[in-house]
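>>> Here is a sequence together with a model predicted from it:
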Protein chains: 2
Amino acid sequence: MATAASSIPPSTILPSDLSAWPVGASPLTQSLPEQIATRLSERIVSGTYTPGQRIMEQAVAFEFEVSRGPVREALRLLEKDGLVIILARRGAQVTNPTIAEVNEIFDIRAMLNGLRDRTIAENPQREQLLPALEQGIKQLAQTAADPGPGDEYIDIVLKLNRLLTQAVGNRRLQTILGSLAVQTVRYTRLGLLTPQRRQQSAQNWQRLLRSISDGDGDEAERIARQRVSDSRDAAIEQLLRQKAAADAKASA
Amino acid sequence: MATAASSIPPSTILPSDLSAWPVGASPLTQSLPEQIATRLSERIVSGTYTPGQRIMEQAVAFEFEVSRGPVREALRLLEKDGLVIILARRGAQVTNPTIAEVNEIFDIRAMLNGLRDRTIAENPQREQLLPALEQGIKQLAQTAADPGPGDEYIDIVLKLNRLLTQAVGNRRLQTILGSLAVQTVRYTRLGLLTPQRRQQSAQNWQRLLRSISDGDGDEAERIARQRVSDSRDAAIEQLLRQKAAADAKASA
DNA sequence: GTCAAGAAGATTGTTGACAATAATACAAAG
DNA sequence: CTTTGTATTATTGTCAACAATCTTCTTGAC
């Protein structure tokens, strides 16, 4: 029944607009499968569900007090974002990407972020974006210098990326970038963000702002690729530690 | 029951490996939803289902002699590839992209094809690819000069693209490019491929071959983007005619 | 004649049960 | 002790029916 939807509390860990689904023409209320997918994606991104872990329809359905139908659809949605892999007659399990695969995702992100930022820099109406961008980047510089607790820094970066991704009208690009972002945030959250890396990242954002304001598409694309490349390094390190920990646990 | 699957004849219009789904570790037999999705995608790509047309679960289920469950999943698969759009409680309808949206898809294809061809050109093991590539490009040159009937030319181009896409190990890139290819083939099939365009395309492929064999990634990327850009022009023209025809029919 | 409100019909969303298949445990043979 | 075959269990795949919602048609008022 539709009222069962209310038994699923709203998302708390991830801001719901981070995820890929309700990108355009979103209804005010997520559908039941979407709600389930959101909840499950939080667990995968946060590590509650570990890489390789099986997710069984029955168990999820029981926990959320719905039938297996919506759960199946939710798992298909997660598959679309690469958070789970579904094998025929063997169900879903949390993806456990290799280093090479994560690198590949970053390759694509670098390309498409480049396309995105170039498009924005060459858009005559880019002026409207500048105030919000400036404000975010200012915040970023402050947080880079003074770390503070938690993931505040990453949240700001995500917000900036969201801002830019939504600014380009290209809906398919939004979808793809959203999906790729969901996958990589698994490894940048809690990542090894050293002060130097934060500083460099903040500087890159500042350079990006200038290139956009100047309307220099070439430069914007170059910087975007550089930025993704930098975050890749941090993510790979993080992933390596994660895998090492998992191996140690497995052999114990 | 599983035997109902046999009531759905295999794909005929599109070679099944064109579609995005069974990319890696594919089971020998497609699942029921996949079979339905393949069949429906053929109708959309071939124009049997016109842009904007509603696809109703009941009707499809009845025609294929299955229940609505698998049909629902099939429609979700098609949505992933951008062939239909699903609105909550309003069902699926064949996408009817604007010129701008098709342009956006080609923007992304240009970028990612560039990434793909660069990756291949810079791969030390690229030698293995060259014979098959050469053979395909030779075929292409012949067909470009001597058109022949049907879509033979386009089929060769698709084959070449498939060859390259599968050559890069990057599975996610494969998925995305496959999805984008499915969408654009709606407008390149039966497209306005003038002899000049075919000639130029064949030449570009030849240049690409050389850059790969030389290991020149920069050049490979540049050519790839050019190639997509050219095919974009033909597709947009085709789409314009299609829309004009639809408008004329609507007002009649 | 046009527009609004309501009723009837059509269509999607969800559910629980059944069927088919894969994973597991166990026993027997080499 | 390992391996192979078999029985059991667990899990996914499919179905048909019900509930909720949207669409369309009719009716009535202005």
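Right, received. Where do you want to start? What you see is a predicted model, and the numbers here were worked out from it, not measured in a lab.
>>> Local confidence estimate at A:G148?
In this model, A:G148 is scored at 71, pLDDT.
>>> quick check, distance from stretch A:69-76 to the centre of its chain.
Averaging C-alpha positions (Cα atoms, centre = their mean, to the nearest Å) puts stretch A:69-76 21 Å from its chain's average.
>>> Can it be said to contact chain B?
Yes - using Cβ under 8 Å from any Cβ of the partner chain, stretch A:69-76 comes into contact with chain B via A:G69, A:R72, A:E73, A:R76. All C-beta atoms are positioned from the backbone trio N, CA, C, and that covers glycine.
>>> what sits against the last one?
Contacts of A:R76 were listed using Cβ atoms under 8 Å, 6 or more residues apart in numbering or on different chains, and they are A:I86, B:E73, B:R76.
>>> element containing the second one, please.
Under DSSP states H and E, the secondary-structure element containing B:E73 is helix B:68-80.
>>> Okay, buried residues for that helix please.
B:P70, B:V71, B:R72, B:E73, B:A74, B:L75, B:R76, B:L77, B:L78, B:E79, B:K80 (16 or more other Cβ atoms under 10 Å in any protein chain shown).
>>> State the distance from A:I212 to DNA strand D.
For A:I212, the distance to DNA strand D (Cβ to the nearest atom of the strand, to the nearest Å) stands at 40 Å.
>>> which ones are touching that residue?
Contacts of A:I212 (Cβ under 8 Å, 6+ apart): A:D117, A:I120, A:A121, A:R126, A:L129, A:L130, A:L133, A:A220.
>>> Quick check on these: which are buried?
A:D117, A:I120, A:A121, A:R126, A:L129, A:L133, A:A220.
>>> Cross-check the contacts of A:R76 against DNA strand D and keep the overlap.
Residues shared between the contacts of A:R76 and the neighbourhood of DNA strand D are A:I86, B:E73 [Cβ under 7 Å from any atom of the strand].
>>> Name the residues linked to the residue in the stretch 51-200 of chain A positioned nearest to DNA strand D by a beta bridge.
In the stretch 51-200 of chain A, the residue that lies nearest DNA strand D is A:G91 (2.8 Å; Cβ to the nearest atom of the strand). Residues in a beta bridge with A:G91, per DSSP bridges, are A:L87.
>>> still on that earlier bit, let me know the closest of the contacts of A:R76 to DNA strand C.
When these are compared for distance to DNA strand C (Cβ to the nearest atom of the strand), B:R76 wins out at 9.4 Å.
>>> Just the pLDDT at the closest one, thanks.
For B:R76, the predicted pLDDT is 96.
>>> Which stretches in chain A count as strands?
Taking DSSP state E to define them, one finds strands in chain A at A:54-55, A:84-87, A:91-94.
>>> how about stretch A:42-62, does it get close to DNA strand D?
Yes - interface with DNA strand D: stretch A:42-62 contributes A:R54, A:I55, A:M56, A:E57, A:Q58 (Cβ under 7 Å from any atom of the strand).
>>> Next, the contact list for the closest residue to A:W205 other than its chain neighbours, please.
If the residues on either side of it in the chain are set aside, A:W205 comes closest to A:I137, at 4.9 Å by Cβ to Cβ, 6 or more residues apart in numbering or on different chains. Residues near A:I137 by Cβ under 8 Å, 6+ apart: A:L160, A:A202, A:W205, A:Q206, A:L209.
>>> A:L115 and B:T184: what is the separation?
For A:L115, the distance to B:T184 equals 16 Å [Cβ to Cβ, to the nearest Å].
>>> Look at the two and report which has more neighbours.
Counted by other Cβ atoms under 10 Å in any protein chain shown, A:L115 and B:T184 do not tie: A:L115 has more neighbours, with 24 against 20.
>>> residues contacting that one?
A:L173, A:E221, B:D107, B:I108, B:M111 are the contacts of A:L115 under Cβ under 8 Å, 6+ apart.
>>> how does it look with 10 Å?
Residues near A:L115 by Cβ atoms under 10 Å, 6 or more residues apart in numbering or on different chains: A:168, A:170, A:173, A:177, A:217, A:221, A:224, B:104, B:107-108, B:110-112, B:114.
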